[in-house]
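Undergrad: I need the structure of the sequence given here:
(2 chains)
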There are 2 protein chains.
Amino acid sequence: MTNTTWLDEVQWGADGLVPAIAQEAGSGTVLMMAWMNREALALTAREGRAIYWSRSRAKLWRKGEESGHVQIIKDIHLDCDNDVVLLSVEQQGGIACHTGRHNCFFKQLRDDAWVSVDPVLKDPQQIYR
Amino acid sequence: MTNTTWLDEVQWGADGLVPAIAQEAGSGTVLMMAWMNREALALTAREGRAIYWSRSRAKLWRKGEESGHVQIIKDIHLDCDNDVVLLSVEQQGGIACHTGRHNCFFKQLRDDAWVSVDPVLKDPQQIYR
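TA: Alright, predicted model coming up:
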């Protein structure tokens, strides 16, 4: 039987979720932030791929299940308050964002405006068919 | 009068907050994740230092106000869903975590256990007097 004490140590929020930050191994680029419940984190560790909880769809979200843009887990870290998870991942396909960009943080604040500064690498219509 | 349309574009949560990830410029290390309300983000941009909303103390938290470990803002990014902020910062004192470590994600999952893998650089009792 698997020892799941480590899951009990996580301080799950009132909604049963914690933020999970995905950082690209090697480059250090912060790819995205999503949410995990206990099952998502357990499966992420067991299967070695990022599995989040989709709040909008209210179900487990196996990152890359449609797009093929799976995130392979290299490491899992927890913060000092036990309420934020940091994943070190290998981003398959080089695209983490549903907009077809490498990462989700492509809007930069410049002179009181958000400006898109990163290129779309692949048309989302070609990613999700 | 300052144009604050960019603040309206942020998708604040039901509690008026969004997660804010602080990443160290240069090294790419993810230092911490905290929360911001509208005022915190506005002040962060205006003053050029990270100002969060402390959920436990229910007030603005000028990072470094006690410790001196101020985070100087290099860049502010927003994600595709407009609900997560990524700060690129210069970490003064080289310590982001209240435990006296460089960053808050010092617990690594190893064989079903969280293991502290980063050193304490400064005794917290010497940081907060």
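Undergrad: Quick one: low-confidence residue ranges for chain A.
TA: Of all residues in chain A, those with pLDDT under 70 make up the ranges A:1-2.
Undergrad: Can you tell me the SS state at the closest residue to A:F105 other than its chain neighbours?
TA: Among residues not flanking A:F105 along the chain, B:H77 sits closest, at 4.0 Å (CB to CB, 6 or more residues apart in numbering or on different chains). Any C-beta I mention is one placed from the backbone N, CA and C, and that applies to glycine too. Of the three states, B:H77 takes strand under DSSP: H, G, I helix; E, B strand; the rest coil.
Undergrad: Looking at chain A, which residue reaches furthest from the middle?
TA: The C-alpha centroid of chain A is most remote from A:D111, which lies 29.2 Å away (CA atoms, centre = their mean).
Undergrad: Can you classify it by secondary structure?
TA: coil.
Undergrad: List the residues that contact the closest residue to A:N103 other than its chain neighbours.
TA: Excluding the flanking residues, the one nearest A:N103 by CB to CB, 6+ apart is A:L31, at 4.5 Å. For A:L31, the contact set (CB atoms under 8 Å, 6 or more residues apart in numbering or on different chains) comprises A:A22, A:Q23, A:E24, A:Q71, A:V89, A:Q91, A:A96, A:C97, A:H102, A:N103, A:C104.
Undergrad: ok, back up a step: ok, now how distant is the residue farthest from the centre of chain A from chain B?
TA: Applying CB to the nearest CB, to the nearest Å, the value for A:D111 to chain B is 9 Å.
Undergrad: That residue and A:H69, how far apart?
TA: Separation of A:D111 from A:H69 (CB to CB, to the nearest Å) stands at 33 Å.
Undergrad: follow-up on the earlier one: can you tell me which of the contacts of A:L31 is closest to A:W53?
TA: A:A22 (13.8 Å; CB to CB).
Undergrad: which element is that closest one on?
TA: Secondary structure from DSSP states H and E places A:A22 in strand A:18-24.
Undergrad: What helices and strands are in contact with that strand?
TA: Helices and strands touching strand A:18-24, by 3 or more CB pairs under 8 Å, 6 or more residues apart in numbering or on different chains; DSSP states H and E, are strand A:30-36, helix A:38-47, strand A:85-91, strand B:30-36.
Undergrad: so can I have CSV of the ones you listed showing distance to B:D118?
TA: CSV is the format used below for the helices and strands packed on strand A:18-24 (distance: least, CB to CB, whole Å):
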stretch, distance to B:D118
strand A:30-36, 19
helix A:38-47, 20
strand A:85-91, 12
strand B:30-36, 12
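Undergrad: Any idea which of these gets closest to A:W12?
TA: Proximity to A:W12 (CB to CB) singles out helix A:38-47 among these, at 6.5 Å.
Undergrad: Which strand or helix spans the residue of chain A found nearest chain B?
TA: Going by CB to the nearest CB, chain B is nearest to A:G28 of chain A, at 2.8 Å. Assessed by DSSP H and E, A:G28 sits outside every helix and strand.
Undergrad: which SS class is A:D81?
TA: coil.
Undergrad: what's the burial count for the nearest residue to it once chain neighbours are set aside?
TA: Distances taken as CB to CB, 6+ apart place A:Q11 nearest to A:D81, at 6.5 Å, with adjacent residues excluded. Neighbour count for A:Q11, taken as other CB atoms under 10 Å in any protein chain shown: 12.
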